[in-house]
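Novice: sequence unknown, structure follows:
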């Protein structure tokens, strides 16, 4: 009997790890959704978020100043629900350097993660700076320059970031910050801005990361981290205790082409940021029934999942036309059937309506 039970468990484990076919989700993309003023253009769209008024916040690597290398590239724009331009937020902000993510909390405060300046900035709904986390390098400092990636890595410093990537909040108002390309950890800050703790380090074991790139929190206060370089989503409690991990294994066309660069040689080992299913962006819909969305860069798809990680459907492909994607960097999901995706390579935001084909 024990041998039989062990065999059944082995079969169950194999079945769980196998690739399974999932339905394709029909969807449409709203053409010419954002109406930009004549003198404003989007650069790489690193971030997109939606507030309680259905206004769309777009964090773009536009408004570029300086030489091609070392340029400041970050601009935060707001549009109404119909895509009409409303305002620019934080014009000439000291923290602008290299846009990475924008989020809106339950009180409509606007938060941005700037990878280049190593800061997270909280704006009020009116667009005024309310809190700053981290610190930009001093222009007068002899050592100022691109961050190095030594091995072993330098120890992280409380309250400081190295190429920060994203922000999310739990029901108590604590902030969780993914930090990021160099530190490979998650920071926790309370609602008043007090540093609480951090967890994580470079590696591929539970609680370790290679490029924690996107972060979300569900209604049960579970923290989901897109561990992009390890091709997985890790789930933690509010104290950083590992709960489970999610991997996305869905069949894809082996002839699919990437949106840029040579076709990757599969399977990808080591840093897996270009591997199929590697999560570049994640988003959890509002309650009461929540679902999880994730995107990859190759073959360039969006995956709809349960919070436990079961893939419910898939949509999209790489390309430059509507309904095609070029490196989705952030997803906003105000409802289960409405998504906003910011793309790096196509310099745009697409509004997607799921369940429609036209």
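Specialist: Okay, I see it. Because the structure is predicted, anything quoted here is derived from the model rather than measured.
Novice: Next SSE downstream of the helix or strand of the chain with the lowest mean pLDDT?
Specialist: None of the helices or strands of the chain scores lower by mean pLDDT, DSSP states H and E than helix 2-17, at a mean of 35. Sequence-wise, the next helix or strand downstream of helix 2-17 (DSSP states H and E) is strand 27-29.
Novice: Parallel or antiparallel, which strands does that following strand pair with?
Specialist: strand 348-354 (antiparallel) (DSSP bridges).
Novice: Residues touching the partner strand, excluding its own?
Specialist: 25-30, 33-34, 42, 45, 48, 56, 58, 83, 304, 315, 322-323, 325, 336-343 (CB atoms under 8 Å, 6 or more residues apart in numbering). C-beta coordinates here come from the backbone N, C-alpha and C atoms, glycine included.
Novice: model confidence over that strand, on average?
Specialist: The pLDDT scores in strand 348-354 average 98.
Novice: burial of residue 317, as a residue count?
Specialist: 17 (other CB atoms under 10 Å).
Novice: Just give the closest residue to residue 46, not the sequence neighbours.
Specialist: Spatially, and ignoring its direct neighbours in sequence, residue 46 is nearest to residue 99 (4.2 Å; CB to CB, 6 or more residues apart in numbering).
Novice: Derive a PyMOL selection command for the buried subset of the contacts of strand 348-354.
Specialist: Typed into PyMOL, the line below selects the buried ones among the contacts of strand 348-354, using 16 or more other CB atoms under 10 Å:
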select buried, resi 25+27+29+33+34+42+45+48+56+58+304+315+325+336+338+339+340+341+342+343
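Novice: For residue 199, list the residues it contacts.
Specialist: With CB under 8 Å, 6+ apart, residue 199 has these contacts: 185-186, 207, 236, 240.
Novice: Give me the subset of those that lies in strands.
Specialist: If you go by DSSP state E, the contacts of residue 199 have 185-186, 236 in strands.
Novice: Tell me the buried residues in stretch 105-121?
Specialist: 105, 109-121.
Novice: So residue 78 is in contact with residue 87, correct?
Specialist: Yes: using CB atoms under 8 Å, residue 78 is in contact with residue 87, at 5.2 Å.
Novice: With neighbour numbers in mind, choose between these two.
Specialist: Comparing residue 78 with residue 87 by other CB under 10 Å, the one with more neighbours is residue 78, at 18 against 11.
Novice: Residue 166 belongs to a helix?
Specialist: No: going by DSSP: H, G, I helix; E, B strand; the rest coil, the assignment for residue 166 is strand, not a helix.
Novice: Tell me how many other residues crowd it.
Specialist: Other residues near residue 166 come to 30 when the count uses other CB under 10 Å.
Novice: Which parts of the stretch 1-150 of the chain are strands?
Specialist: 27-29, 44-50, 56-61, 75-79, 85-89, 99-104, 110-114, 119-123, 129-134 (DSSP state E, counting those that start in this stretch).
Novice: List the buried residues of the fifth one.
Specialist: Of the residues in strand 85-89, those buried under the neighbour-count criterion (16+ other CB under 10 Å) are residue 89.
Novice: Return the residues in contact with residue 355.
Specialist: So residue 355 contacts 25-27, 337 (CB under 8 Å, 6+ apart).
Novice: Which pair of these spans the longest distance?
Specialist: Spatial extent of the contacts of residue 355 (CB to CB) is set by the pair 26 and 337 at 10.6 Å.
Novice: returning to what we had before: export the contacts of residue 355 to a markdown table and tack on pLDDT and distance to residue 73?
Specialist: Below are the contacts of residue 355 laid out as a markdown table (pLDDT from 0 to 100; distance: CB to CB, whole Å):
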| residue | pLDDT | distance to residue 73 |
| --- | --- | --- |
| 25 | 98 | 33 |
| 26 | 98 | 36 |
| 27 | 98 | 30 |
| 337 | 97 | 33 |
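Novice: for those, which one is nearest residue 67?
Specialist: Scanning the contacts of residue 355 for proximity to residue 67, where the rule is CB to CB, the winner is residue 27, at 40.1 Å.
Novice: What is the neighbour count of the closest residue in space to that closest one that isn't next to it in sequence?
Specialist: Excluding the flanking residues, the one nearest residue 27 by CB to CB, 6+ apart is residue 354, at 4.8 Å. Look at residue 354: counted by other CB under 10 Å, it has 19 neighbours.
Novice: From residue 288, how far off is residue 354?
Specialist: 19 Å (CB to CB, to the nearest Å).
Novice: How about residue 329?
Specialist: 29 Å.
Novice: Settle it for me: which of these two has more neighbours?
Specialist: When residue 329 and residue 288 are compared for neighbours, residue 329 comes out ahead with 26 against 5, by other CB under 10 Å.
Novice: Tell me which residues touch the closest residue to residue 180 other than its chain neighbours, please.
Specialist: Of all residues not flanking residue 180 in the chain, residue 165 sits nearest, at 3.9 Å (CB to CB, 6+ apart). The contact partners of residue 165, taken as CB under 8 Å, 6+ apart, are 100-101, 113, 115, 178-181, 211-215.
Novice: Need these in CSV (columns: pLDDT).
Specialist: Supplementary listing: those in CSV, determined by pLDDT from 0 to 100:
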residue, pLDDT
100, 98
101, 98
113, 98
115, 97
178, 98
179, 97
180, 91
181, 95
211, 96
212, 98
213, 98
214, 98
215, 98
